[in-house]
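Asker: okay, sequence plus prediction incoming.
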Amino acid sequence: MKSDTKKPVYLRRQRWEESSIWQKKMLLVEATGELTERCNFNCLHCYINQPAGDQGIKQKELTTAEWLDFLREVVELGCLTVRFTGGEPLLREDFAELYTFSRRLGLKVGLSTNGSLITSRLARLWAKIPPLEKIEITLYGLDANSYEKITRVKGSWEAVQQGIAYLKENRIPFIIKGAMLPPIIERLKEFKKKAQQLASMDFPPAMVFALDLRARRDSPEKNQEIVKLRLSPQEYTRLMAQEEELYYQTMNEFCSKFLGPPGTKLFTCEAGREAVALDAYGQLQPCLLLRHPKTIYPWRTKRNLGQALKQLFPSLLQREATNPAYLARCARCFLAGLCEQCPARSWMEHGSLDTPIDYYCRVTHEQARSLGLIKDKEKGWMVKDWPERLKRWQQAMATKLKKKGIIE
């Protein structure tokens, strides 16, 4: 005789989109926490650093409790990853606490550091509770002499090498990045090879080409130092194309997707849409570089991240350019996708959101000429037949890449 008693159901098949966790719209995917502007280095080119021992600045920084509140709030809004940066984030005595709390909330943790303050204890913590993102260390030279010409701190090279040794000893995944500064440019191929070996990377290190001016517009003297370190447009282009095959393949894909006049809309990136940044003093920004007074949200006093994401940032991102020079040049330039011009950099260079940056304009046009997109003395905003020209260029580039065996 069969029993009518039903067996208990322990598992039930369910479509992923029917799960309650997916019914709630995620407002935030990634958040950046600038834990401090203080740094134990004094790098020639840095856009943000303040002295490590400045107690006045330290007292103005967000407290541990405030950072914990911020982390709770980003998770409530669906955030998946938090990136800690600075200054030098490891200067914070509470870094281990903030890190552990983030991971217990389920966040992946990214870290941008100079590597000099990595201790055996920190490395063991990361081994026990992995960050799930590779730690990023930026190097500025290949030996103590060249490195310390940039950091201007004796013993900094040795400290960084020790930090890297702790990571390797504990098998913590990390990557090396670089900046186009004299000590590296002089030995660029050697630097790339050493960086790959040091971090066991299958790819060359990412290199910073665009050296930004002071984000808070707080030091004309420091800005002059940074400008002197910038590459000429010709050198910038030459170094970009040094790995020829990879460069042309990347440019072919990039230009096919992103070239064309941007129009009057200022914000064409993802800033403030699914990613935000909180500075060391509690000001919420669409991106870490953009510190214009009209683009920040006073999170420390209002404590409503959702309000910023739903109201302030969306209205900000609809903002249009009004500067006549921008409208005449940048808004009409089909090369805009290649250009480093953006509201944040315009703010750093000129104190406004829509002033053309001559340096980046010259770099972009030099690069476009080398690629064959424009002729000598031709300006991107003067080209009327850019769609047809781009199509012809794509065809020529595809033929070139096929001959080299880069694409089929």
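Answerer: Looks like it came in fine.
Asker: helices of the stretch 301-408 of the chain, start to end?
Answerer: 305-307, 313-317, 324-328, 343-350, 358-371, 386-403 (DSSP state H, counting those that start in this stretch).
Asker: closest one to S116 among the ones you listed?
Answerer: Taking C-beta to C-beta, helix 343-350 is the member of the helices of the stretch 301-408 of the chain nearest to S116, at 26.2 Å. Heads up, the C-betas are built off the backbone N, CA and C, glycines and all.
Asker: list the buried residues of that closest one.
Answerer: For helix 343-350, a neighbour-count test (16 or more other C-beta atoms under 10 Å) marks 343-349 as buried.
Asker: ditto for stretch 171-190
Answerer: 172, 174-176, 178-181, 183-184.
Asker: which single one of these is nearest to E378?
Answerer: For the buried residues of stretch 171-190, the nearest to E378 is M180 (26.6 Å; C-beta to C-beta).
Asker: distance of that closest one relative to F174?
Answerer: In this view, M180 and F174 are 21 Å apart by C-beta to C-beta, to the nearest Å.
Asker: and A195, which of the helices of the stretch 301-408 of the chain is closest to it?
Answerer: When these are compared (using C-beta to C-beta), the closest one is helix 358-371, at 24.1 Å.
Asker: can I get the closest one as PDB, trimmed to CA atoms?
Answerer: Coordinates of each C-alpha in helix 358-371 appear next as PDB, following Å, rounded to 0.1, in the frame of the first residue of the first chain:
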ATOM      1  CA  ASP A 358      45.900  72.500 -24.500                       C
ATOM      2  CA  TYR A 359      48.400  69.800 -23.500                       C
ATOM      3  CA  TYR A 360      46.000  66.900 -23.900                       C
ATOM      4  CA  CYS A 361      44.700  68.400 -27.200                       C
ATOM      5  CA  ARG A 362      48.200  68.500 -28.600                       C
ATOM      6  CA  VAL A 363      48.800  64.900 -27.400                       C
ATOM      7  CA  THR A 364      45.600  63.700 -29.000                       C
ATOM      8  CA  HIS A 365      46.300  65.300 -32.400                       C
ATOM      9  CA  GLU A 366      49.800  64.000 -32.500                       C
ATOM     10  CA  GLN A 367      48.600  60.500 -31.800                       C
ATOM     11  CA  ALA A 368      45.800  60.800 -34.400                       C
ATOM     12  CA  ARG A 369      48.400  62.000 -37.000                       C
ATOM     13  CA  SER A 370      50.600  59.000 -36.200                       C
ATOM     14  CA  LEU A 371      47.700  56.600 -36.700                       C
END
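Asker: how close does the residue minimising distance to the centre of the chain sit to L142?
Answerer: Nearest to the geometric centre of the chain sits L288, at 8.3 Å (C-alpha atoms, centre = their mean). Here L288 is placed at a distance of 28 Å from L142 (C-beta to C-beta).
Asker: could you check how far N223 is from A210?
Answerer: 14 Å.
Asker: between these two, tell me which one has more neighbours.
Answerer: N223 (17 against 14; other C-beta atoms under 10 Å).
Asker: looking at the more buried one now. What's its pLDDT?
Answerer: In this model, N223 is scored at 95, pLDDT.
Asker: after the strand or helix carrying it comes which helix or strand?
Answerer: If you go by DSSP states H and E, N223 is part of helix 220-229. Downstream of helix 220-229, the first helix or strand assigned by DSSP H and E is helix 233-240.
Asker: and that next one, how far out from the chain middle?
Answerer: From the chain centre to the centre of helix 233-240 is a distance of 21 Å (C-alpha atoms, centre = their mean, to the nearest Å).
Asker: now the angle from it to helix 358-371?
Answerer: Per axes from the mean of the first three to the mean of the last three C-alpha atoms, to 10 degrees, the angle that helix 233-240 makes with helix 358-371 is 60 degrees.
Asker: buried ones in the helix or strand just after helix 233-240?
Answerer: Downstream of helix 233-240, the first helix or strand assigned by DSSP H and E is helix 244-258. Neighbour-count burial for helix 244-258, counted by 16+ other C-beta under 10 Å, picks out 247-249, 251-252, 255.
Asker: what is the nearest of those residues to Q367?
Answerer: Looking across these and measuring by C-beta to C-beta, the closest to Q367 is M251, at 8.6 Å.
Asker: how close does the closest one get to G141?
Answerer: 29 Å.
Asker: and T36, by the same measure?
Answerer: In terms of C-beta to C-beta, T36 sits 24 Å off from G141.
Asker: name the residue in those two with the higher neighbour count.
Answerer: T36 (28 against 23).
Asker: let me see the contact set for K257.
Answerer: G337 (C-beta atoms under 8 Å, 6 or more residues apart in numbering).
Asker: just the pLDDT for it.
Answerer: 90.
Asker: just use 7 as the starting number from now, easier for me
Answerer: Sure thing, new numbering starts at 7, so read that last one as K263.
Asker: distance of it from P393?
Answerer: Distance of K263 to P393, computed by C-beta to C-beta: 14 Å.
Asker: then Y287?
Answerer: 46 Å.
Asker: which of those two has more neighbours?
Answerer: Neighbour count, other C-beta under 10 Å: between Y287 and P393, Y287 has more, with 15 against 12.
Asker: just list the residues touching that one, thanks.
Answerer: By C-beta under 8 Å, 6+ apart, Y287 lies in contact with 66-68, 306.
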